[in-house]
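*Asks:* what follows is a predicted protein model with its sequence.
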Amino acid sequence: MERREQNPYKFGEAVRNFRTAAGLTQEELADHSGLDRSYIGGIERGERNPTLSVIEKIAEGLGVTLAELFSNSGKGSGA
């Protein structure tokens, strides 16, 4: 199986796209996810490498499935 190169910015971009589409601020998403706002910002900037359990909290906070979040993290833009 061929391994695709991962870019941490793509996941952060997907989180930002879903968050803005939902009309949420970083602070609101952090509250919905049970995470710190600065941690959400770090993820969106590609500075953080979240664990699967954190990614699951983010997906729940956004009201999307893990599959939706991951499928959009492979795209260049738009959620």
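*Replies:* Yes, it's here.
*Asks:* how deep is the residue nearest to residue 58 when sequence neighbours are not counted tucked in, by neighbour count?
*Replies:* Leaving aside its sequence neighbours, residue 58 sits nearest to residue 33 (C-beta to C-beta, 6 or more residues apart in numbering; 5.2 Å). No exception for glycine: its C-beta is placed from N, CA and C like everyone else's. Residue 33 sits with 22 neighbouring residues when counted by other C-beta atoms under 10 Å.
*Asks:* so who does residue 33 touch?
*Replies:* Residue 33 makes contacts with 40, 57, 58, 60, 61, 62, as judged by C-beta atoms under 8 Å, 6 or more residues apart in numbering.
*Asks:* buried subset of these?
*Replies:* Neighbour-count burial (16 or more other C-beta atoms under 10 Å) applied to these gives 40, 57, 58, 61, 62.
*Asks:* among the contacts of residue 33, which ones are in helices?
*Replies:* Among these, DSSP state H puts 40, 57, 58, 60, 61, 62 in helices.
*Asks:* which of these sit farthest apart?
*Replies:* Comparing all pairs in those by C-beta to C-beta, the longest separation belongs to 40 and 60, at 13.3 Å.
*Asks:* so, low pLDDT: which residues of this protein?
*Replies:* 1-6, 74-79 (pLDDT under 70).
*Asks:* tell me which element the most centrally placed residue in it falls in.
*Replies:* Nearest to the mean C-alpha position of the chain, counting by C-alpha atoms, centre = their mean, stands residue 15 at 2.9 Å. Assessed by DSSP states H and E, residue 15 sits inside helix 8-21.
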